[in-house]
Every structure is written in C-alpha cells, then in structure tokens.
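Undergrad: Show me the folded form of this:
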Amino acid sequence: MTGLRRGCKRARVAFALLGLVVFPLRSEAQSLTGLSDEFDDPDSLAAWSRVVVTEGWSNDVLEVFDADTTRPGHLVMVPYSSSWFAEWRGELTYKLVDGDFVITTHVEPRNRAGTGRPERDYSLAGIMVRTPRAMTAPAQWTPNGQNYVFLSMGAANRTTALFQFEVKTTINSSSILDVTDTPATRAAIQVARIGPHIITLRCEEGQEWVVHRRYYREDFPDTLQAGLTVYTDWDTCFAAGYPNNNLLVLTNGAVLLNSSVLSGAQPDLVAVFDYVRYARPQVPAGLVGANLSDPASVSDAQLLAFLGEAANVPGGATEPPFFVADNLAGVVSQRSYRVQVADGVGGPWTDWSAWVSTGAVVAVDTQPVATNDQRYFRLITP
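TA: So this is what the prediction gives:
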C-alpha cells in the first residue's frame, strides 16, 4: 500500500537532472521502518503492545481489534465507551521508540452503522505519543501522571455535521485540546518528535499535507510510546468518572465501583487504519537545533520540506537520507532520496534547461522550498 493510495496530493514538478554528486549531511540513525505495519497480515498484531496490558489494567476497551480480517489490508478498532482526558485512560496500541521519529497513518473514522461520522461526543481515532508510566498494576497508579500528545479524526462535538480533528496535549494530567472542522471523511495524519518539538500534520483526502499544530514538550523522555488511539462516548465516560473508566469496561449493565448499574452507554466509533509507518526525520542541516515548534522561527513550508509525504515511508522501504549537492557531475542511483542544493550551484535555479534528462531522475514530488538560501527536494529515480 502506498501513501498515494488515499488521495493526498503530492505536487509534482517533472524535470530531470544531469546527476548529482552527493554527500551525507550526517550519519543516519537506525532505521525505524521495521516497526511499520501495512496490516496485510493478521499475525502482525503480535508485534504491538497495548497500555491495558503493559500497565496491568484488566479492562480491555476494544470490542473489535483485528488486522486483515474485518477489512482486508486494514486494522479495525471498535472501542467501548472510553476516553483520554485528564486522568481518564483509554486505548493505546503502540510501539516503543527511542529518539526522534515520525509516525504516519491513514484513518477512516465512522459511526457504528458505517454510514457517516460518529454521533457521540469525542469519538475519534488517531496517533498518540505518550510517556510510559512506571506501573504494571492498577495499585501502582498515581494521579497527575498522564503525559501525551495526540492527533485524531472523527467527531468531537455535535455543533457541526462535519468530521473534525482533535489535537490534545496533556502535561501531568492537565489536558488542553483544540478542535478543527473538516469537510474530509478520511485523512492521513502524522506526528513528528524531533528533540523537544512535537509537530502534528494532516493530509485531508485530495489535498496536500499541512502542519496542524506544534508543541514544545521538553518533559518527554528519550523513549516514548508511539501508536494508535481510539475513544468514544465522552458523556458516558464523564458521568461514570475516571476510576470506573480506567478499571471497568463501560457497557450497559456493568456494575460500577459504587455498586450502581451503568445505563445509557452509546459507543459510536469504528476506526479503520490503512497502515502505520515509522521513520527517522531527516532534518536539513540548516534546521538542526532550530526552534521547530515556533512558526516565527521555522515556517510551515520548511517543515513540509522534510515532513508530510516526505516522511511517509512505507514499511520495509529504505528511508531517504538527506544529501548536499556540490555540483552536477556524476549520476546518483537511488530509488528515492532527498537532496539539498545550495543556490548558485550548477547555475541559477530558473535555468532548468541545464539540468537535462539522463534518466537518472524522473520527478520531484514536492515544490521546491527556499530555506536560508537553500532549496530542498525529494527526487524520484526509476
């Protein structure tokens, strides 16, 4: 399955290069593509961890959780009433990742009938990155210990008939959220962790990638849980309270901790994920150490030069490193790679006629972005 499959535009400028002599900007960190999952094998779920297991909770909040089964080539997650907010703990299916990373997925959230958007408040599905908790049993739980960021798609509230994105940052169980309406019904979404900076991005169907929100999270440790979350039916979760949400499966008829019986639960989410892809961010040399979470310091265009589709690397593929081109001599033969070329090298940028076709490069998948007198491209070879 490819990143183009679901309709995110990749602006292409067709031209060819005479060839480039290239040199790595820095040594590459260990590839993360082995963590990726295209969900074309039911057994691949064995490689995933779940918070409900690793933290020792006994309430599995997923009614359906399968890969390449309910829907071939996809992961399907159907949650019971459960949520993430403040001390409320929901579903997180994850892999542990050290250092900088980018995680990308394509999500299709629907109501349980499969006919449209969910109709219960805060019924969404997406990507979460979270600080692991030092606990293996509920008795070890302590308050003010939730630290995460997520970007999800679905329905946050019923003030609109549109689908919505919800992005949330939580520090010591204090949550701040933001909701954005969208005419799209499915989307590719992405979260990048680069040092203390968390960048969230979205690509609505038929559109191009955009930077959604940025956060500065210097509290995050080197190792994070990075994966998928689903949650639904906030009204029921709020009424039940977080102890019941965290310890019980909130289905109608469930006996709550105060011995009352739950009624009125209406979970309304079916989440379908096409893939989850992990990659190392290939940060341009000019942006290493920059304040990526500040738009005044680093523009959206600069981020999109190496994030978005450029970081949506299919599982098992070779992650494209950055190179700096010193001249136009020689031919590079790599399937896909990113190139940084300084202005004035090999002639003016407008002089494309000097970069004649040799078959070494057939297209560029993003518009050139000027950054500190340099321009960045992702080049596709045959």
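
Undergrad: isn't Leu45 right next to Phe65, touching?
TA: Yes. At 7.4 Å, Leu45 and Phe65 qualify as touching, with contact defined as CB atoms under 8 Å. Placement of C-beta: from N, CA and C, glycine included.

Undergrad: Between those two, which is the more surrounded one?
TA: Higher neighbour count among Leu45 and Phe65: Phe65, with 20 against 17, using other CB atoms under 10 Å.

Undergrad: Tell me the spacing between the more buried one and Arg50.
TA: To Arg50, Phe65 is 9 Å away according to CB to CB, to the nearest Å.

Undergrad: overlap in contacts of those two?
TA: Common neighbours of Phe65 and Arg50, using CB atoms under 8 Å, 6 or more residues apart in numbering, are Thr93.

Undergrad: Helices along the protein, start to end?
TA: 51-54, 234-240, 242-247, 300-304 (DSSP state H).

Undergrad: Could you list the buried residues of the third one?
TA: The neighbour-count check on helix 242-247 (16 or more other CB atoms under 10 Å) flags Tyr242, Asn244, Asn245, Asn246, Leu247 as buried.

Undergrad: Output it as PDB, restricted to C-alpha atoms.
TA: What follows is helix 242-247, C-alpha atoms only, in PDB (Å, rounded to 0.1, in the frame of the first residue of the first chain):
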ATOM      1  CA  TYR A 242     -12.200   8.200  35.700                       C
ATOM      2  CA  PRO A 243     -11.900   5.400  38.200                       C
ATOM      3  CA  ASN A 244     -14.700   3.500  36.500                       C
ATOM      4  CA  ASN A 245     -13.400   4.400  33.100                       C
ATOM      5  CA  ASN A 246      -9.900   3.200  33.900                       C
ATOM      6  CA  LEU A 247     -10.900   0.000  35.700                       C
END
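
Undergrad: average pLDDT for it?
TA: Averaging pLDDT along helix 242-247 yields 98.

Undergrad: got it, and the shortest one?
TA: When the per-residue pLDDT values of helix 51-54 are averaged, the result is 98.

Undergrad: and that helix, what does it pack onto?
TA: In terms of contacts (3 or more CB pairs under 8 Å, 6 or more residues apart in numbering; DSSP states H and E), helix 51-54 is packed against strand 91-98.

Undergrad: now the farthest one out in this protein, which residue is it?
TA: Each residue of the chain has a distance to the centre, and by CA atoms, centre = their mean the biggest one is for Ser259: 39.8 Å.

Undergrad: Give me the distance between it and Ser31.
TA: As defined by CB to CB, Ser259 lies at a distance of 53 Å from Ser31.

Undergrad: Same check on Ala125?
TA: Counting by CB to CB, the gap from Ala125 to Ser31 is 27 Å.
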